[in-house]
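Engineer: Could you work out the structure for the sequence below:
(2 chains)
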Amino acid sequence: MRDILSFRGFVALFLLGIIVAGISSAVGQIPFGQPDSEVGQLYLENGLQDTGAPNLVTSVVAGYRALDTLGEVVVLFVAATGLSAVLATSKRRVERELEDASLVLKTGCRIFFPLILLFGAYLFIHGHLTPGGGFQGGAVIGSAFLLVYLGCSGRRVSADAAGAIESLSGFGFVFLGLLGLLVGGSYFLSNFLPKGDLYELISAGIFPLIYILIGLKVGSEFAGIVDSMIEESK
Amino acid sequence: MSKVKSFFYLFSALFLIWIGFTTTFQPQELGLGLIISLFLSTIFFKTYVGLGFPPLGIKRFLFALIYIIVLFKEIVKANLDVAYRAVHPEVPINPGIVIINTDLEGDVARMVLANSITLTPGTFTLDVIGDHLLIHWINVETTSKEEATELIGKRFEKYLKIIFA
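Structural biologist: Sure, this is the predicted structure:
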């Protein structure tokens, strides 16, 4: 109580009052529920006919804004490259005694690794039908390799294979985009394949292909990150 | 366990999980699931060799179902016990680490036992070394290995012995 009644307390309260007034007057002017942008409404109304994908998020990520997604994939690639560069050049190499994981972790790793890969594949293959998609599926696959890192010591991800899958899927993404430009018409990554029937697995044109490629790319990037961490901890 | 059997186990597990995820019998989904399951099991069946999966059998399957019920019952019982200890004003706990013995052979059987003990609150498997399990116990009733085995391990082990025999 004494602190608040002091001079410093009054100054603090005064400043706090200014901040509260400023924020509330600014927030009060935002028209909530009335979006300025009309593009969101456009996606909502036309997404299903335009793309044939019941998952509207996918029709934005892999359809309307597929070029941005290519950029995001590149960001992830740069991050992975940067991490492996930092880890490879770090001078402090600590000698560590490695001990085998316990039987529970080792056995669990051996049993569940293929099952987690299946779950990741399911997520990125059904990106156009169900919640999920290439990034989520790729992250699940990356977590499977993290389990290998923790549990199955001695089992390694082949860095060459991870790099090859990653490069090939990145190349495939760009190739699909160029093919769309060539076959489908006027713009990069246009959806040139037939849309198929709604809710079928093979529908929505190139979206499943894009998400499969993104899933493989993200998954192999995560696997590469885990591998460079194993390399560093040796 | 032979390679063929490992392959069959992994393949059927993958395919059943795929059907569970997709919850449909559309030919497209089934076909793709078949391809992915075949692909993954061809690569990874080697990791399943030597894990100690039991052969298939109706008796084992029935006992596995019973085991799930028993495990659930034990989890509820242990939850109530730990909750009682937590709200009791004197907090009657006596934590400590005991070693118990297991007759189970095979990695999978031991993993299931260790995880079942961890799943019941109050007991926690710290490590499995050979046929010994290190257990952290919220209320150590006995330090003798035989009695601790009787109290912690045997309630699960008698079923697991039949399932993994």
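
Engineer: SS state for A:Asp36?
Structural biologist: coil (DSSP: H, G, I helix; E, B strand; the rest coil).

Engineer: and what of the one 10 residues further on?
Structural biologist: What three-state DSSP gives for A:Asn46 is helix.

Engineer: With B:Asp127 instead?
Structural biologist: With three-state DSSP as the basis, the three-state label of B:Asp127 is strand.

Engineer: thinking it is in contact with B:Thr118, fair?
Structural biologist: No - counting by Cβ atoms under 8 Å, B:Thr118 is not a contact partner of B:Asp127; they are 11.3 Å apart. Heads up, the C-betas are built off the backbone N, CA and C, glycines and all.

Engineer: Run a quick neighbour tally on residue 112.
Structural biologist: No chain was given, so I picked chain A. 14 (other Cβ atoms under 10 Å in any protein chain shown).

Engineer: looking at chain B here, not the other one
Structural biologist: By other Cβ under 10 Å, neighbour count at B:Val112 equals 22.

Engineer: unless I'm mixing things up, it is touching B:Lys161, no?
Structural biologist: No - using Cβ under 8 Å, B:Val112 is not in contact with B:Lys161; the gap is 11.4 Å.

Engineer: Give me every residue in chain A lying close to chain B.
Structural biologist: By Cβ under 8 Å from any Cβ of the partner chain, the residues of chain A that approach chain B are A:102-104, A:106-108, A:110-111, A:113-115, A:117-119, A:121-122, A:125-126, A:200-202.

Engineer: Identify the residues contacting residue 138.
Structural biologist: No chain was given, so I picked chain A. The contact partners of A:Gly138, taken as Cβ atoms under 8 Å, 6 or more residues apart in numbering or on different chains, are A:120, A:124, A:214-219, A:221-222.

Engineer: other chain: chain B
Structural biologist: With Cβ under 8 Å, 6+ apart as the criterion, the residues that contact B:Ile138 are B:82, B:85, B:93-95, B:121-123.

Engineer: how about 6 Å then?
Structural biologist: Applying Cβ atoms under 6 Å, 6 or more residues apart in numbering or on different chains, we find B:Ile138 in contact with B:93, B:95, B:122.

Engineer: Flag the shaky bits of the chain, pLDDT-wise.
Structural biologist: By default, I'm working from chain A. A:1-5, A:90-96, A:153-157, A:186, A:232-234 (pLDDT under 70).

Engineer: try again with chain B
Structural biologist: Looking at chain B by pLDDT under 70, you get B:1.

Engineer: Determine the three-state secondary structure at A:Leu129.
Structural biologist: From three-state DSSP, the assignment for A:Leu129 is coil.

Engineer: in terms of contact count, name the helices or strands touching the top helix by length along chain A.
Structural biologist: Determined from DSSP state H, the single longest helix within chain A is helix A:207-232. Helices and strands touching helix A:207-232, by 3 or more Cβ pairs under 6 Å, 6 or more residues apart in numbering or on different chains; DSSP states H and E, are helix A:66-89, helix A:103-125, helix A:134-151, helix A:159-179.

Engineer: Now tabulate these in CSV and tack on distance to A:Gly33.
Structural biologist: Compiled in CSV, those are given as follows (distance: least, Cβ to Cβ, whole Å):
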stretch, distance to A:Gly33
helix A:66-89, 26
helix A:103-125, 33
helix A:134-151, 29
helix A:159-179, 36
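
Engineer: Which of the helices or strands spans the nearest residue to B:Leu30 once chain neighbours are set aside?
Structural biologist: Excluding the flanking residues, the one nearest B:Leu30 by Cβ to Cβ, 6 or more residues apart in numbering or on different chains is B:Ile19, at 7.6 Å. Per DSSP states H and E, B:Ile19 falls inside helix B:3-22.

Engineer: So what does A:Gly127 look like in phi/psi?
Structural biologist: Note on A:Gly127: its backbone torsions stand at phi -60, psi -30 [degrees, to the nearest 10].

Engineer: And B:Ile100, by the same measure?
Structural biologist: phi -120, psi 160.

Engineer: chain center to the longest helix seen in chain B, what's the gap?
Structural biologist: Criterion DSSP H: the longest helix present in chain B is helix B:58-87. With Cα atoms, centre = their mean, to the nearest Å as the basis, helix B:58-87 stands 12 Å off its chain's centre.
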